[in-house]
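1. Here is my input; please provide its structure:
(chains A and B)
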Amino acid sequence: AQSVTQPDIHITVSEGASLELRCNYSYGATPYLFWYVQSPGQGLQLLLKYFSGDTLVQGIKGFEAEFKRSQSSFNLRKPSVHWSDAAEYFCAVGASANAGKSTFGDGTTLTVKP
Amino acid sequence: DTEVTQTPKHLVMGMTNKKSLKCEQHMGHRAMYWYKQKAKKPPELMFVYSYEKLSINESVPSRFSPECPNSSLLNLHLHALQPEDSALYLCASSRGEGGGNQPQHFGDGTRLSIL
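-> Okay, here's the model as predicted:
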């Protein structure tokens, strides 16, 4: 069965600083990987996805993520954080063999200091 | 603006009431999902519909009854809920048949409170 671990429950960064959110997955084959963001009172919004090919993927809002098979990781990065990036971030892994089931990590809460 | 619309945004109901949550999408997606989300937790999958047929039921209690009248609409009928059912209920849709290999588009949810 697939699983996702987000080791950091809460991260605080200063506005303008760089950001990296960690995600580790467990899956036997090539996974389908996603990062979603959830602002208070809203649903989840897809930031980016990895299916195959280039291991560095670009997403919306200036985010990028790098797939590292050797480390079973898919970390999310942003070079300069804005106050509006404060939100809950979820990493998810899916597999076509497991119809409908994207397994979500427990999430990382990002706080941005002025 | 979200492309998946959920109504109502907030719902307060007693344990003996019957109510329904509604979800609509016009992206041509043939897979639709219901999730339950507690505060500070990830979404928990409840049901998946693929081409208007129920394909996954994650052992959800029968007091939750899903319905997919057509490819654009998804309902969740609620009856005799318990206080622990208070949560944010999220609807999502995706391309394909509902496989985990597709990104999902989420609505903003219905905040449900059971008195």
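2. near chain B, which residues of chain A show up?
-> By C-beta under 8 Å from any C-beta of the partner chain, the residues of chain A that approach chain B are A:32, A:34, A:36, A:41-46, A:49, A:51, A:88, A:90, A:93-96, A:98-107, A:109. No exception for glycine: its C-beta is placed from N, CA and C like everyone else's.
3. all strands in the chain, in order from the N-terminus.
-> The chain I'm using is chain A. In chain A, the strands defined using DSSP state E lie at A:3-5, A:10-14, A:19-21, A:24-26, A:32-38, A:44-50, A:56-58, A:64-68, A:73-78, A:87-94, A:102-104, A:108-113.
4. let's do chain B instead
-> Secondary structure of chain B by DSSP E: the strands cover B:4-7, B:10-13, B:18-25, B:31-37, B:44-50, B:53-57, B:64-70, B:73-79, B:87-94, B:105-106, B:110-114.
5. Pull out the buried positions in the third one.
-> What that stands for is strand B:18-25. By 16 or more other C-beta atoms under 10 Å in any protein chain shown, the buried positions in strand B:18-25 come out as B:19, B:21-25.
6. As TSV, those residues with pLDDT and distance to A:Thr5 would be great.
-> Shown next, in TSV, are the buried residues of strand B:18-25 (pLDDT from 0 to 100; distance: C-beta to C-beta, whole Å):
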residue	pLDDT	distance to A:Thr5
B:Lys19	96	37
B:Leu21	98	31
B:Lys22	98	35
B:Cys23	98	30
B:Glu24	98	35
B:Gln25	97	31
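7. just to revisit the earlier point, which among the residues of chain A next to chain B count as buried?
-> By neighbour count, with 16+ other C-beta under 10 Å, the residues of chain A next to chain B hold A:32, A:34, A:36, A:42-46, A:49, A:88, A:90, A:93-95, A:98-105, A:107 as buried.
8. re earlier: quick one, which of the strands of chain A is nearest to B:Pro66?
-> Nearest of the strands of chain A to B:Pro66, taken as C-beta to C-beta: strand A:102-104 at 18.1 Å.
9. May I have the strands that pair with that closest one, each with its orientation?
-> strand A:87-94 (antiparallel) (DSSP bridges).
10. that older thread, is it possible to get JSON lines of the strands of chain B that adds distance to chain A?
-> Shown next, in JSON lines, are those (distance: least, C-beta to the nearest C-beta, whole Å):
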{"stretch": "strand B:4-7", "distance to chain A": "7"}
{"stretch": "strand B:10-13", "distance to chain A": "10"}
{"stretch": "strand B:18-25", "distance to chain A": "11"}
{"stretch": "strand B:31-37", "distance to chain A": "7"}
{"stretch": "strand B:44-50", "distance to chain A": "4"}
{"stretch": "strand B:53-57", "distance to chain A": "5"}
{"stretch": "strand B:64-70", "distance to chain A": "13"}
{"stretch": "strand B:73-79", "distance to chain A": "13"}
{"stretch": "strand B:87-94", "distance to chain A": "5"}
{"stretch": "strand B:105-106", "distance to chain A": "4"}
{"stretch": "strand B:110-114", "distance to chain A": "8"}
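11. I am finished for the moment; much appreciated.
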